[in-house]
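**Q** Take this sequence and fold it.
(2 chains)
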Protein chains: 2
Amino acid sequence: MSLEPVLTAIDDALPRATDRLLELLRIPSISTDPAYAAECDRAADWLVADLASIGFEASKHATPGRPMVVAHSGGDGPRLLFYGHYDVQPVDPLTLWKRDPFDPAVEETPNGTVIRGRGASDDKGQLMTFVEACRAWKEVHGSLPANITIFFEGEEESGSPSLVPFLKENADLLRADVALICDTGLFDANTPAIVTQLRGLLGEEVVITGPSKDLHSGSYGGIAMNPARVLSRIIADLHDDTGRVTVPGFYDGVPELSNELAAAWDDLNFDAEAFLDAVGLKFPAGEQGRRPLEMIWSRPTCEVNGLSAGYTGDGFKTVLPSEARAKISFRLVGDQDPLAIREAFRAQVRAAIPADCSVEFTSHGASAAGQMTTTHPAFDQARKALSDEWPQAAAFVGAGGSIPVAAYFKTYLDMDAMLIGFGKDDDQIHSPNEKYDLSSFHKGTRSWARILHALSEGAA
Amino acid sequence: MSLEPVLTAIDDALPRATDRLLELLRIPSISTDPAYAAECDRAADWLVADLASIGFEASKHATPGRPMVVAHSGGDGPRLLFYGHYDVQPVDPLTLWKRDPFDPAVEETPNGTVIRGRGASDDKGQLMTFVEACRAWKEVHGSLPANITIFFEGEEESGSPSLVPFLKENADLLRADVALICDTGLFDANTPAIVTQLRGLLGEEVVITGPSKDLHSGSYGGIAMNPARVLSRIIADLHDDTGRVTVPGFYDGVPELSNELAAAWDDLNFDAEAFLDAVGLKFPAGEQGRRPLEMIWSRPTCEVNGLSAGYTGDGFKTVLPSEARAKISFRLVGDQDPLAIREAFRAQVRAAIPADCSVEFTSHGASAAGQMTTTHPAFDQARKALSDEWPQAAAFVGAGGSIPVAAYFKTYLDMDAMLIGFGKDDDQIHSPNEKYDLSSFHKGTRSWARILHALSEGAA
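**A** Below is the predicted model:
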């Protein structure tokens, strides 16, 4: 089956494809907030209907959390599993959005045309690039060049609690020769990337309780234990003066960058200054003596994601808070063991809790880092197909974000995954005013059409 | 004019007095939140009307913030200025209240009858003890035993920004022989107290900004500066290992406790264990080697009153926050200079701000500690009057809370103040489920009737 008419069909269909994406973006499928559970359900239903409309046998699968969508094309060719997630991040602070995050629109900007709205880039716009590529193949040739299973998750932004049980129970539904995951970005505007290493994620919520209720800081200040002070000390002590994390054993299993990969990354000429400048910063603030790309791709981290205690409204309230809360996450690399680090972190916190305070922990996920086997022939086939679409040749890169599903596919389905995506650094994912470049959406769709063609030719 | 019929009138009028207080408590006069400005106005109007109904010439005085209420009785006898505040603390966390904080009620509890609602103890219930005492004197004798000015403020819970300018501009309206302030507590259930030393208060809000927006902690974690981490380090470093505050020069002007006062305080047999046990704590957590009463009355403190950064809702969001905020207050004693400490604190924070972060400060008040001249004869007259009403003799005590108005009266009106109040440690002021014991309200009113009598006899 020839590729060119498929690419032409994609070009012609772009306005209609964009409308479909806007429809999906209007559904506020925030997974971390239980108030939006019904909206997640609605997003899953929308995808089932859309996939059915292009000939997939599609269905929604209930889980203890948000539902999964699984769809099969049937047919011949290599067996591929495509993964994306239909859930999105919360939208606060809402006041910083220039428009309603769930009233998306196509906007002209000085940097080109964008699709603006929560989930435009992470991950609804990305997953629809693959769906639109399939639609075009089907429309032009009446069939797909591969035997495709599409798998959409609805809990990626909230720690994927149902994912592993679902993979275990439904391995037969999902197993394929290779997995395709569209939840990452371009290396830069001209250079597509296939991610071959991913950081893992350990998410912990810490609640330190002191007095049984909020107290008047005049009556009790100086005699009562203040849990906000205790929490601050604990967080301050999580890093040493050189930026290293102090949790005992934290660096066990953290590999040094190979000379080969170091050279390849140096060849990418990563512009750390521009990368930081885009978010109002100037200086790489990670571990001393590390390359900027190491800081975001191959070194582990510890970050405070949220802090709260006492009175946080307007004005002032002289309260001595009863409790102090922190959300803390660790990005993991190499063979770092998330469960061992969780235990070591909790032990370190417990050891710093004074008399008259107590601590409780809530886990928000614990996933190891992922390393792909790039010798699988599909990696080179996909790299060539991407290089045909974009101005620069595709690169094998690392990713700072955590996409644990790649590791799970390896563990539970014995499959390598190719992480290919078209997001850009300025997409503002997880932030107000998220957008996806129309060119990412368009060329992303064309890229998948090419990759499907390349993988089917390679398998033939 | 004889006292006994006044006391009897107070006993008889208790149900009606309680209804009046409930009416005032229904007005949500939260001063720190601009959304409640109109309610503060309404509370001031209510007080003007009530004072006028018992013959005071009462009026509301506009300020740049919440209005002041000033009322004059005219007549003979010693000139007294009575101060209270009609504004109240915010009510969050609302979920911890057992009833609507502004739908107050009289409740029977295992510890006696209480008036439950925001402001019941701090300070509406307290200021109404004086108003009810005046009403009874007027009702029984047709006049008051003193020439009384009543002065109610509406910004006490939000740093009193309009107070000093108002005192300066209206000194002639307010000047008297001695001031009476009702915003403190009993020493214990049986022992009334006259506060003779008060801690000052310095309130500071600190906002540390790093990246220009919230970032994805996967994409930027490890390379971007995290302001929550910076703030935690700053707070952790505000105390040393012995519990002393590290701000340079902080202890300048902090006096050691005199042997005489130390002996008097030891005689009070303060039960620190019970005081802490009531709020779920066991161990005095202030400076090492200090008496518990010193920790709350005569030693300065630094407390975190509020902390916020990043995502604080349900679930988890891997955000690297753009900013981190803290509300921090210092309780001051002796001759500590609030403005010098503010500058030293800000300099210490600025010195800890790394490249790529900036800091902004907002002042929420700066008032020095207060020390009364207890040789004024009114102190002994009031002590005797209180001792007649309560099971135990009245004590001269310190107070941990900051009532800067006492110092302002000295500075701007050249008047000593007697701080006499009937609150109890378990009143939960500034906390959910605030209450005022009906016995505090009743015996407080009787106490003021006795004090007015004693001061007029003393002056005669």
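
**Q** For the stretch 51-200 of chain A, which residues are neighbours of chain B?
**A** Applying Cβ under 8 Å from any Cβ of the partner chain, one finds that the stretch 51-200 of chain A approaches chain B through A:Gln89, A:Pro90, A:Asp92, A:Pro93, A:Leu96, A:Glu157, A:Ser158, A:Gly159, A:Arg199. (Glycine included, C-beta is placed from N, CA and C.)

**Q** hang on, the last one packs against A:Pro404?
**A** No: with contact defined as Cβ atoms under 8 Å, A:Arg199 does not count as touching A:Pro404 (9.8 Å).

**Q** More neighbours: which of those two?
**A** A:Arg199 (30 against 25; other Cβ atoms under 10 Å in any protein chain shown).

**Q** what's across from the residue nearest to that one when sequence neighbours are not counted in the sheet?
**A** Among residues not flanking A:Arg199 along the chain, A:Arg331 sits closest, at 4.1 Å (Cβ to Cβ, 6 or more residues apart in numbering or on different chains). A:Arg331 forms beta bridges with A:Leu201, A:Thr301, as assigned by DSSP bridges.

**Q** Burial check on A:Arg331, number of neighbours?
**A** Neighbourhood size, A:Arg331 [other Cβ under 10 Å]: 26.

**Q** wait, what's in contact with it?
**A** Counting by Cβ atoms under 8 Å, 6 or more residues apart in numbering or on different chains, A:Arg331 makes contact with A:Arg199, A:Gly200, A:Leu201, A:Pro300, A:Thr301, A:Glu303, A:Gly400, A:Ser402, B:Ser217, B:Gly218, B:Gly221, B:Gly222.

**Q** Only whichever of the residues of the stretch 51-200 of chain A next to chain B are buried, select them in ChimeraX.
**A** To isolate the buried members of these in ChimeraX, using 16 or more other Cβ atoms under 10 Å in any protein chain shown:
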select /A:89,90,92,157,158,159,199
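
**Q** Take the residues of the stretch 51-200 of chain A next to chain B and lay them out in TSV including pLDDT and secondary structure.
**A** Below are those laid out as TSV (pLDDT from 0 to 100; DSSP: H, G, I helix; E, B strand; the rest coil):
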residue	pLDDT	secondary structure
A:Gln89	96	coil
A:Pro90	95	coil
A:Asp92	89	coil
A:Pro93	87	coil
A:Leu96	92	helix
A:Glu157	93	helix
A:Ser158	92	helix
A:Gly159	85	coil
A:Arg199	90	coil
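
**Q** residues making contact with the lowest-mean-pLDDT helix or strand in chain A?
**A** Least confident helix or strand, chain A: strand A:370-371 with a mean of 83, by mean pLDDT, DSSP states H and E. Applying Cβ under 8 Å, 6+ apart, the contact partners of strand A:370-371 are A:Thr196, A:Gln197, A:Leu198, A:Gly200, A:Gly334, A:Ile403, A:Pro404, A:Ala406, A:Ala407, A:Lys410, A:Ala417.

**Q** Lowest pLDDT pick from the contacts of A:Arg331?
**A** Lowest-confidence member of those: A:Ser402, scoring 70 (pLDDT).

**Q** which residues touch that one?
**A** A:Ser402 makes contact with A:Leu198, A:Arg199, A:Gly200, A:Leu201, A:Arg331, A:Leu332, A:Ser367, B:Gly218, B:Thr318 under the criterion Cβ under 8 Å, 6+ apart.

**Q** what do you get if the cut-off is 6 Å, keeping everything else the same?
**A** A:Arg199, A:Gly200, A:Leu201, B:Gly218 (Cβ atoms under 6 Å, 6 or more residues apart in numbering or on different chains).

**Q** again with A:Leu231
**A** The contact partners of A:Leu231, by Cβ under 6 Å, 6+ apart, come to A:Ile208, A:Ala324, A:Ala326.

**Q** Can you tell me the closest non-neighbouring residue to it?
**A** Among residues not flanking A:Leu231 along the chain, A:Ala324 sits closest, at 4.0 Å (Cβ to Cβ, 6+ apart).

**Q** what about stretch A:88-107, start to end distance?
**A** Start-to-end span of stretch A:88-107 (Cα to Cα, to the nearest Å) is 20 Å.

**Q** ugh, wrong one, stretch A:59-68
**A** End-to-end distance of stretch A:59-68: 8 Å, with Cα to Cα as the criterion.

**Q** for that stretch, what is the average pLDDT?
**A** Throughout stretch A:59-68, pLDDT has a mean value of 98.

**Q** For A:Arg240, the count of nearby residues, please.
**A** Residue A:240: Asp, not Arg. If you count neighbours by other Cβ under 10 Å, A:Asp240 ends up with 10.

**Q** ok, it - contacts?
**A** A:Thr246.

**Q** Can you show me the helices along the stretch 1-150 of chain A?
**A** Under the criterion DSSP state H, counting those that start in this stretch, the stretch 1-150 of chain A contains helices at A:4-25, A:37-53, A:124-141.

**Q** what's the distance between the residue nearest to A:Gly200 when sequence neighbours are not counted and A:Asp122?
**A** Of all residues not flanking A:Gly200 in the chain, A:Leu332 sits nearest, at 3.6 Å (Cβ to Cβ, 6+ apart). Using Cβ to Cβ, to the nearest Å, A:Leu332 is found at 20 Å from A:Asp122.

**Q** Perfect, that will be all.
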